[in-house]
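# just to be clear, the model below is a prediction. Sequence and coordinates:
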Amino acid sequence: QVQLVESGGGLVQAGDSLRLSCAGSGRTVSRYTMDWFRQAPGKERDFVAALSWKDGSTDYADSVKGRFTISRDNAKNTVYLQMNSLKPEDTAVYYCAAKPLFGEQYEYWGQGTQVTVSA
């Protein structure tokens, strides 16, 4: 079992920054990689950012490229999402998800953290 706990959300104004954290725990957490998703009101859950454990490469949704940065602290089993130049359309519940290092399906999800960006 892997437990994921997100934190760092809040209410900010357009142009502000936030840093989200996702702390992973559990006996097998080191066998998983963690990425970020978000779900806006009335919409489906969308991919936001991923960090490859193999080569450190990153992948971002087009809507956040150049503004968001994903990073990881392996010693703490924690992944971060630095969000700069926030826009009202970034308003969503942000989720951390974990998938096996050699797998494709996300097996564990956090409870989410709300990010609200006012105009």
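Sure, I can see it. Numbers count the residues shown, from 1 in each chain.

# ok, Tyr60 - how many residues close by?
Per other CB atoms under 10 Å, the neighbour tally for Tyr60 reads 17. In short, each C-beta sits where N, CA and C put it, glycine included.

# meant to ask about Asp73
For Asp73, the tally of surrounding residues (other CB under 10 Å) stands at 11.

# ditto for Ser7
The criterion is other CB under 10 Å. On that basis, Ser7 has 14 neighbouring residues.

# any idea which element the nearest residue to it once chain neighbours are set aside lies in?
Sequence neighbours aside, Ser21 is the residue nearest to Ser7 in space, at 5.1 Å (criterion: CB to CB, 6 or more residues apart in numbering). For Ser21, the enclosing helix or strand under DSSP states H and E is strand 18-25.

# list the contacts of the residue nearest to Ser7.
Under the criterion of CB atoms under 8 Å, 6 or more residues apart in numbering, the neighbours of Ser21 are 6-8, 78-80.
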